[in-house]
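Enquirer: here is a sequence with its predicted model. Questions after.
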Amino acid sequence: MKFEAPRGTHDILPSEQPRWRHVLGEFERLCHLYGYRRIDTPVFEETELFARTSGQGSDVVTKEMYTFEDRGDRSLTLRAEATAPIVRAYLEHGLHREPQPQKLYTHETIYRYGRPQKGRYREHWQFDVEAIGSEDPALDAEVIQLYDSLLGRLGVTEYRLELNSIGDAECRPAYLDRLRPWLEEHAGELDEATREQASRNPLRALDNIAAKPPEVREVLRQAPTIGDSLCAACQDHFADVRRYLDAYGVPYEVVPTLVRGLDYYTRTTWEFVGPESGSQSTLSGGGRYDGLAEELGGAHTPGVGFGAGIERLLLALEDAGVEPPPEEGIDVFFICEEGADRTGVLAKVAALRAAGMRAEADFAGRSVKGQRTQASRLGAERVVVVGADTDLSEVTA
């Protein structure tokens, strides 16, 4: 039998690890600079957590979730997105009783069933940043600027920030009253998938326009925009977000048709878009979710955050020609000649490792020449040749 990784998953090989460590390290350093603390949630949650917050008619719930029953007949779902579990943890563990906002981050696996594509896996890794407990538009700008700063630190320059406001529960219904009949009027110009989305939730027909057929994209860009329906509070909030982004020096483009695919988003929404076309172009997406905690049984608790696929970011680094950091070599490699005290050599290796040095020896029965080649492969800073008469007590590294 021949086993392979399940379709839509991938192995992260040793040769790829330096770039992964570099990207993860830069992300964590940046989060610490901004005062965000690490949080981790379980890889599976109660199915209702995602169904209730993402929207029963969303693509995530209807087509993409990995849902199963455990031995206790409980319906569980592999982590389909990161925000709802983090807000669940915020409420469950009383983080609302600590100083607000709670600034949290994580990087973890996300599970979505879909057609695997370049940089798009059924199991993929994602950065996530959440600021919970404040409706200050300066927080919207901060989390946006954080990811913009990460791209700059890593050397990614070919991207744009798309920005919009989708209003809130006060003003969005009026917009939907305009959008719904417009979609019905133009149904014949839309593809079947978009018509299906519109029947479930008119706003969702505008989600991920870049991935739709070109002729459908052109039609949807003529749809009524929510900007004309925003209430005064949402208009002021969006104006403040843009003002803070201007102060940060973060360029952006207001895209009136930009929405997010999950029901809990309100007000500010955004995407960082790379140079590729279609759904593979999105590097990161986020928004404000001021009603999510209430959906989970908590008090009104505003929040804002984003998710960013790590595999997509790594592809952007490759496209930008950013070289991966070199693999770190070892400190010392012991070469054993014929008759050498191999037991003593391995004891010496163990002692050096205990002292914090990266020490190695041969474990493949290589010749002396082969051992020298292996030491070179491992980037050994120093090579110690041990012969039959070598006194290991005199060997220092």
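Expert: Good, I have the coordinates.
Enquirer: would you mark the buried spots in stretch 75-85?
Expert: Under the neighbour-count criterion of 16 or more other Cβ atoms under 10 Å, stretch 75-85 has L76, T77, L78, R79, A80, E81, A82, T83, A84, P85 buried. Just so you know, the C-beta spots here come from the backbone N, C-alpha and C atoms, and that holds for glycine as well.
Enquirer: assign a three-state SS to E323, would you?
Expert: On the three-state scheme (DSSP: H, G, I helix; E, B strand; the rest coil), E323 is labelled coil.
Enquirer: now it: how far from E26?
Expert: Going from E323 to E26 by Cβ to Cβ, to the nearest Å gives 15 Å.
Enquirer: which of the buried residues of stretch 75-85 lies closest to P137?
Expert: T83 (18.6 Å; Cβ to Cβ).
Enquirer: elements contacting the helix or strand containing A198?
Expert: Element membership for A198 (DSSP states H and E) is helix 192-200. Contacts defined by 3 or more Cβ pairs under 8 Å, 6 or more residues apart in numbering; DSSP states H and E place helix 192-200 against helix 172-185.
Enquirer: just the C-alpha atoms of the helix it packs on, please, in CSV.
Expert: Listed next in CSV are the C-alpha coordinates belonging to helix 172-185 (Å, rounded to 0.1, in the frame of the first residue of the first chain):
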residue,chain,number,x,y,z
ARG,A,172,-28.0,47.6,7.2
PRO,A,173,-31.7,46.5,6.8
ALA,A,174,-32.4,49.6,4.7
TYR,A,175,-29.6,48.7,2.4
LEU,A,176,-30.8,45.1,2.1
ASP,A,177,-34.2,46.5,1.1
ARG,A,178,-32.4,48.2,-1.8
LEU,A,179,-30.1,45.3,-2.7
ARG,A,180,-32.6,42.5,-2.7
PRO,A,181,-34.8,43.7,-5.5
TRP,A,182,-31.8,44.8,-7.5
LEU,A,183,-30.4,41.2,-7.4
GLU,A,184,-33.7,39.8,-8.4
GLU,A,185,-33.9,42.2,-11.3
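Enquirer: mind listing what's buried along it?
Expert: Residues of helix 172-185 classed as buried by neighbour count (16+ other Cβ under 10 Å): R172, Y175, L176, L179, R180, W182, L183.
Enquirer: beta partners of the residue positioned nearest the centre of the chain?
Expert: The residue lying closest to the centre of the chain (Cα atoms, centre = their mean) is Q126, at 2.3 Å. Beta bridges link Q126 to E108, G309 when assigned by DSSP bridges.
Enquirer: same question, A359
Expert: Under the criterion used (DSSP bridges), A359 bridges to V332.
Enquirer: what's stretch 243-260 in contact with?
Expert: 137-138, 140-142, 144-145, 148, 160-164, 166, 203-204, 206-207, 209, 220-221, 223, 225-227, 242, 265, 269-271, 285-287 (Cβ atoms under 8 Å, 6 or more residues apart in numbering).
Enquirer: same thing but 7 Å
Expert: Contact with stretch 243-260 is made by 137-138, 141, 144-145, 148, 160-164, 166, 203, 206-207, 209, 220-221, 223, 225, 227, 269, 271, 285, 287, as judged by Cβ atoms under 7 Å, 6 or more residues apart in numbering.
Enquirer: now, which of these lie within strands?
Expert: When those are checked against strands (DSSP state E), the matches are R160, L161, E162, L163, N164, T269, E271, G285, G287.
Enquirer: and the nearest residue to D290 once chain neighbours are set aside, how far from H96?
Expert: In this structure, D290 finds its nearest non-sequential neighbour in P302, 4.1 Å apart by Cβ to Cβ, 6 or more residues apart in numbering. Distance from P302 to H96, counting by Cβ to Cβ: 11 Å.
Enquirer: pick out whichever of the two has more residues nearby.
Expert: Comparing P302 with H96 by neighbour count (other Cβ atoms under 10 Å), the higher total belongs to P302, at 21 against 15.
Enquirer: name all residues that make contact with the more buried one.
Expert: For P302, the contact set (Cβ under 7 Å, 6+ apart) comprises S134, E135, D290.
Enquirer: wait, which of these is closest to R52?
Expert: For the contacts of P302, the nearest to R52 is D290 (16.2 Å; Cβ to Cβ).
Enquirer: show the pLDDT at V384.
Expert: Note for V384: predicted pLDDT of 95.
Enquirer: follow-up on the earlier one: filter the contacts of P302 down to the ones in strands?
Expert: Going by DSSP E, the strands hold none of the contacts of P302.
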